[in-house]
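Novice: How does the following fold in three dimensions:
(2 chains)
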Number of protein chains: 2
Amino acid sequence: MSDPYGLRRVIKPAGVLPQRAESLDPELPLGEDELLIEVESLNIDAASFRQIEKAEGGDTARIAEHIRRIVSSRGKMHNPVTGSGGMLIGRVAEIGPKHPAAGDLKPGERIATLVSLSLTPLRLREVVKVHPAIDRVDVKAQAILFASGLYARLPTDLPETLALAALDVCGAPALVARHVRPGMRVLVLGAGKSGALCCAQARQSLKGQGQVIAMDISPAAVKRFRDDGLCDAGLAVDATRALETMQALQSATGGELCDLVVNVASVPETEMSELLCSKDGGSVIFFSMATSFTAATLGAEGLGKDITLYMGNGYVPGHANLTLELVRQVPAIRRLFEERYTGS
Amino acid sequence: MSDPYGLRRVIKPAGVLPQRAESLDPELPLGEDELLIEVESLNIDAASFRQIEKAEGGDTARIAEHIRRIVSSRGKMHNPVTGSGGMLIGRVAEIGPKHPAAGDLKPGERIATLVSLSLTPLRLREVVKVHPAIDRVDVKAQAILFASGLYARLPTDLPETLALAALDVCGAPALVARHVRPGMRVLVLGAGKSGALCCAQARQSLKGQGQVIAMDISPAAVKRFRDDGLCDAGLAVDATRALETMQALQSATGGELCDLVVNVASVPETEMSELLCSKDGGSVIFFSMATSFTAATLGAEGLGKDITLYMGNGYVPGHANLTLELVRQVPAIRRLFEERYTGS
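Specialist: Below you'll find the model as predicted:
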């Protein structure tokens, strides 16, 4: 029977999806539409790792025991305090004949899961090592991926931490690729790793016609983007100050506003800036988890502006490959990721 | 000087938009791009009215005084406790020559404002009568509408309370009209007034090809929609129970999911139902103010579904006329609104 969301793995409460379940059953046998992973490492969500680290006074042995306790009671690495999970890296151990990857993956291939650990059945045999600096735990464990569960083959030509950092935000540039057309003026708010990928993709999609403007509160981050050619123009402004932000944009564009605004800044209360910087008839894609639904919708209505408001779905078909290709093909992106995520 | 958002009216703090201001200056003279309204009634936001009513023990004289105090200190009817406003009805008193309505409206015409009272400069001379049953206060007052401020001419062929009830939710059917194409299967979650308008508009936009399904927790509300021909099928389910909701939909459609899901239910925790009921490649429009940004985005990613997630902007050009036309042209809508909003 088809069970793409892993309902058969839910122990309690009955009738919920795995993410909302208190506990999952991670035991074998494997369903014919499931995939079994021999896990090497858990990349614990940063908020979750900090909470556990603090609760255990930073003692790695106690952190390991804390993680063991969670997984043995819940059947998944789903921190009950923070509600968050993380992702994992491992090798394909077995592929059910009806799993969508059956024709694609082979046993032994290294993959990363792109769905949260908060919904991934996990059987933990041993915590091998805790790496507090990178929120990572090396383990001996087995995990199960459902038919709907997203994964990415780990590239062999890129350092692992770099590939993971890119895969972590791969939905944003993929959605930029879907919405940007030549001739547009695109504003990317937030000059971090996600912003860099969005700028690079926007430039590619514009094919030389249009403009990419990067915006961040940090003048150094904006200068870096400009010097690296990731954007056509850069603005260092505080986007929680909506009017100043709009005025800075208009000064930079001769009074024009943007066709598309992409928010990847991890800061609350920037919605009004994005709305003011968007043309009437334009669009805003909200990727920031700090986005307020009511601030965005009531804000647009209050301005009387016809703006299409997208919430950034982290899944877009092909998003992992698109993002890894940006890292490979755009030297500025590669350098930026290498500096931040490989310590080189 | 052009000032479409009314910045000149902000007293403090400096540099914010009128909605975030502590106080506005509602005094004359009128700016050349402003519109002056002789106000008849304030329709106070329900949450705001309840708070004031409770604080004053339900005494109408004290409620009136409470409202006077707010307006005299803030220059707008912006409840500092709830943060909400409402809308107003009045007659056009004067139109600045550069206001966009200069060629459209004439002094003496009755209009309703479609922007919140929380950003509308208001000078209150007298509270004439308080109507607690309908959250309305009859007043003698003057209000100012900025160039960006939305309004609707009050129709003379419809009862006023009925027209106001329809205008209150006019963004939803207008956005449905933008997104529905013949051949689609459309699910409308929430069988209230907004749901009725969305269903009626979806049926019009489908031009006989496709299907409209209404969903609500109330079997009576769903039956009413079906009996009135507002939908092709109706489902009475609890949409906070995502799996049961999806299964009910699939039973009704022979296993199919929907191209477009519209959420106008004023209930939290229905995001997963909307995502599960949408096809891969489909869209969801979230109109409910109870929508959680993180539940919607992380939910879609967790399901591994390529769904376009729209936040419902309450402003769509032409939304007021489109909605009033639905009330006029669709007998079932007219009856439903008459029953609920005119006491007939």
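
Novice: what ranges do the strands span in the stretch 1-150 of chain A?
Specialist: In the stretch 1-150 of chain A, the strands defined using DSSP state E, counting those that start in this stretch lie at A:10-12, A:23-24, A:35-44, A:86-95, A:110-113, A:122-131, A:136-145.

Novice: close to chain B, is the strand or helix carrying A:T297?
Specialist: Secondary structure assigned from DSSP states H and E places A:T297 in helix A:293-303. Yes - counting by CB under 8 Å from any CB of the partner chain, contacts between helix A:293-303 and chain B involve A:F293, A:T294, A:A296, A:T297, A:L298, A:A300, A:E301, A:G302, A:L303. Just so you know, the C-beta spots here come from the backbone N, C-alpha and C atoms, and that holds for glycine as well.

Novice: Could you list the low-pLDDT ranges of chain A?
Specialist: Applying pLDDT under 70 to chain A flags the ranges A:1, A:343-344.

Novice: Pick out the residue closest to the middle of it.
Specialist: A:V169 (3.2 Å; CA atoms, centre = their mean).

Novice: Show me the beta-bridge partners of A:I111.
Specialist: Counting by DSSP bridges, A:I111 forms beta bridges with A:G90, A:R153.

Novice: I'd like to know which residues of the stretch 201-344 of chain A are adjacent to chain B.
Specialist: Within the stretch 201-344 of chain A, the positions adjacent to chain B are A:241-244, A:272, A:286, A:289, A:291-294, A:296-298, A:300-317 by CB under 8 Å from any CB.

Novice: Report the buried members of those residues.
Specialist: Neighbour-count burial (16 or more other CB atoms under 10 Å in any protein chain shown) applied to those gives A:241-243, A:272, A:286, A:291-293, A:296-298, A:300-316.

Novice: what are the ranges of the helices in chain A?
Specialist: Secondary structure of chain A (DSSP state H): helices at A:46-55, A:60-74, A:160-167, A:171-179, A:193-206, A:219-227, A:242-253, A:271-277, A:293-303, A:319-329, A:331-341.

Novice: Next, find the distance separating the residue of chain A most remote from its centre from chain B.
Specialist: Centroid-distance maximum for chain A: A:G254 at 34.4 Å, with CA atoms, centre = their mean. The gap separating A:G254 from chain B is 16 Å, by CB to the nearest CB, to the nearest Å.

Novice: about what we covered before: centre of the chain to the helix holding A:T297, how far?
Specialist: Remark: helix A:293-303 is offset 25 Å from the chain centroid, using CA atoms, centre = their mean, to the nearest Å.

Novice: same check, this time on stretch A:157-166
Specialist: 14 Å.

Novice: Show me what counts as buried in that stretch.
Specialist: A:L158, A:E160, A:T161, A:L162, A:A163, A:L164, A:A165, A:A166.

Novice: got it, and stretch A:324-334?
Specialist: By 16+ other CB under 10 Å, the buried positions in stretch A:324-334 come out as A:L324, A:E325, A:L326, A:V327, A:V330, A:A332, A:I333, A:R334.

Novice: Please list the outside residues in contact with stretch A:238-247.
Specialist: A:189, A:215, A:217, A:237, A:257, A:265, A:267-270, A:272-277, B:7, B:15-17 (CB atoms under 8 Å, 6 or more residues apart in numbering or on different chains).

Novice: can you do 10 Å?
Specialist: Stretch A:238-247 is contacted by residues A:187, A:189-190, A:215-217, A:235, A:237, A:248, A:257, A:263, A:265, A:267-278, A:299, B:5, B:7, B:10, B:14-17, B:20 when judged by CB atoms under 10 Å, 6 or more residues apart in numbering or on different chains.

Novice: how about the nearest residue to A:Q19 once chain neighbours are set aside, what does it touch?
Specialist: Sequence neighbours aside, A:L119 is the residue nearest to A:Q19 in space, at 4.0 Å (criterion: CB to CB, 6 or more residues apart in numbering or on different chains). Residues counted as contacts of A:L119 (CB under 10 Å, 6+ apart) are A:5-6, A:9-10, A:17-21, A:24, A:76, A:78, A:85, A:113, A:146, A:148-149, B:302-303.

Novice: do A:I89 as well
Specialist: A:37, A:39-43, A:110-113, A:136, A:138, A:154, A:160, A:163-164.

Novice: and A:L309, what are its bridge partners?
Specialist: With DSSP bridges as the rule, A:L309 is bridged to A:V284, B:M311.

Novice: so it touches A:E271, yeah?
Specialist: Yes - using CB atoms under 10 Å, A:L309 is in contact with A:E271, at 9.3 Å.

Novice: follow-up on the earlier one: quick check: chain neighbours aside, which residue is closest to the residue nearest to the centre of chain A?
Specialist: In space, A:V169 is closest to A:S194, 4.1 Å off (CB to CB, 6+ apart).

Novice: Quick one: neighbours of the one you found, just the number.
Specialist: 25 (other CB atoms under 10 Å in any protein chain shown).

Novice: Would you agree it is in contact with A:V188?
Specialist: Yes - if you go by CB under 10 Å, A:S194 and A:V188 touch, sitting 8.9 Å apart.

Novice: shared neighbours of those two, which are they?
Specialist: Shared contacts of A:S194 and A:V188 (CB under 10 Å, 6+ apart): A:A172, A:V262, A:V264, A:A265.

Novice: And the residues you listed, which is closest to B:Q201?
Specialist: Comparing the shared contacts of A:S194 and A:V188 against B:Q201 with CB to CB picks out A:V262 as the nearest, at 30.2 Å.
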